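> here are the coordinates; sequence isn't available:
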Ligand code: NAI
């Protein structure tokens, strides 16, 4: 049995089994913020996934067009567009997975935390609706700052009496996607076979790629190379924000990463064994209540939060220095959710 640890290298057997739509159960996936920069390509990629039977696209504007467009693609899922708050309930009802890329993205010079004031409110209201209309759905949180929006979601669900820590995920897959790409480039190995766990959180120094555990092993990388790779992974989002020069942040690579993560959740729900992805979840791996690490996905969401494994001295230092920032982002989210 091998771990289906990388969407880029699933075993052919798993692929055949999970991609045959005849045997695949009905699964409804809702995308909230579906008309946005991430939402549109994510809607496209989810329409291409044969594990999806119903694709629900929700936004405050623009979804009828996106839904009509995507619905013409001749793949399994039925597509429905919903627009405006009065249609949110219908968009959510019966969802197995809700993916949330709703909210404003960064502009040059902004940190993810600068988005807090706007996005925290959006996430709070969307999660209130999830608690009401599809309390059993897996929630894939993309809206930044993920380090805070996941604790906000948890608090909203706790208040509503629907919180299940196995079903709430901060999507950190883009950090893994970047770490794999940058590592493969530097180590000069084929990117398809590369695996790199990324732990911690999803902002700046809280993003901690564990290159000491990267496979295949590369003996041609110096300590300095690994430091540079770590920094590039941590600053990957900013690299895109600056290149887009005011027109937003990563959307295409994020849609890819979001689709990979949702696919892993669907496989888990469908009982495919050994589906492992990194995600920011409720955790007891460190003293913090939320932490990103490898997670085994199953029929109820998180089946097991996996440990960090052996860290290099550089990674141990990185872990020590990220904890205070991650702690304060978590506390900020919890405080926001409980005010007023
Ligand atoms: P965008 O501005 O292009 O799209 C956001 C969409 O959300 C818009 O269509 C907007 O109408 C919609 N929206 C706003 N309020 C809403 C509400 N109350 N309900 C439903 N939809 C609502 O932004 P983009 O580039 O798609 O980014 C979205 C979010 O994803 C941002 O917060 C960004 O920081 C985050 N992000 C997260 C990443 C990650 O790795 N987790 C990577 C890149 C971006």
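Structure received. Because the structure is predicted, anything quoted here is derived from the model rather than measured.

> what does the stretch 101-250 of the chain have sitting close to the ligand?
With the criterion set to CB under 6 Å from any ligand atom, the stretch 101-250 of the chain comes near the ligand through 101-106, 115, 119, 122, 126, 142-144, 146, 171, 174, 202, 248-250. C-beta: built from backbone N, CA, C; applies to glycine.

> Is any residue of the lengthiest helix in the chain near the ligand?
As assigned by DSSP state H, the longest helix anywhere in the chain is helix 313-338. No - Helix 313-338 does not reach the ligand (CB under 6 Å from any ligand atom); its nearest approach is 13.4 Å.

> give me phi/psi at residue 281?
Residue 281 adopts backbone torsions of phi -130, psi 170, taken as degrees, to the nearest 10.

> before we move on, what about residue 97?
Phi and psi for residue 97, reported as degrees, to the nearest 10, are phi -140, psi 130.

> Please apply the same query to residue 304.
Dihedral pair for residue 304: phi -160, psi 130, per degrees, to the nearest 10.

> Would you confirm that it contacts residue 297?
No - using CB atoms under 8 Å, residue 304 makes no contact with residue 297, being 9.1 Å away.

> So which of these two has more stuff around it?
Taking neighbours as other CB atoms under 10 Å, residue 304 and residue 297 compare with residue 297 leading, 26 against 12.

> Show me the strands in the stretch 151-300 of the chain, by range?
In the stretch 151-300 of the chain, the strands defined using DSSP state E, counting those that start in this stretch lie at 168-170, 198-200, 207-209, 275-282, 290-298.

> before we move on, the earlier item: tell me which other helices or strands the longest helix of the chain touches.
With contacts taken as 3 or more CB pairs under 8 Å, 6 or more residues apart in numbering; DSSP states H and E, helix 313-338 sits against helix 116-133, helix 146-160, strand 198-200, strand 207-209, helix 223-234, strand 290-298.

> What mean pLDDT does that helix get?
Averaging the model's pLDDT scores along helix 313-338 yields 98.

> Residue 114: neighbouring residues, count only.
Neighbour tally, residue 114, other CB under 10 Å: 15.

> again with residue 35
22.

> how about it, what does it touch?
By CB atoms under 8 Å, 6 or more residues apart in numbering, the contact set of residue 35 is 57, 59, 61-63, 65-66.

> what angle do the longest helix of the chain and strand 290-298 make?
90 degrees (axes from the mean of the first three to the mean of the last three CA atoms, to 10 degrees).

> and the residue lying closest to residue 129 once chain neighbours are set aside, what helix or strand is that in?
The spatially closest residue to residue 129, leaving aside those adjacent along the chain, is residue 88, at 5.0 Å (CB to CB, 6 or more residues apart in numbering). Using DSSP states H and E, residue 88 maps to helix 88-92.

> For whatever helix or strand comes next after that helix, the averaged confidence score.
Counting by DSSP H and E, the next helix or strand C-terminal to helix 88-92 is strand 97-100. What strand 97-100 shows for mean pLDDT is 99.

> Output the contacting helices and strands for strand 97-100.
Here strand 97-100 is seen to pack against strand 28-32, helix 116-133, strand 138-141, helix 252-269 when contacts are counted using 3+ CB pairs under 8 Å, 6+ apart.
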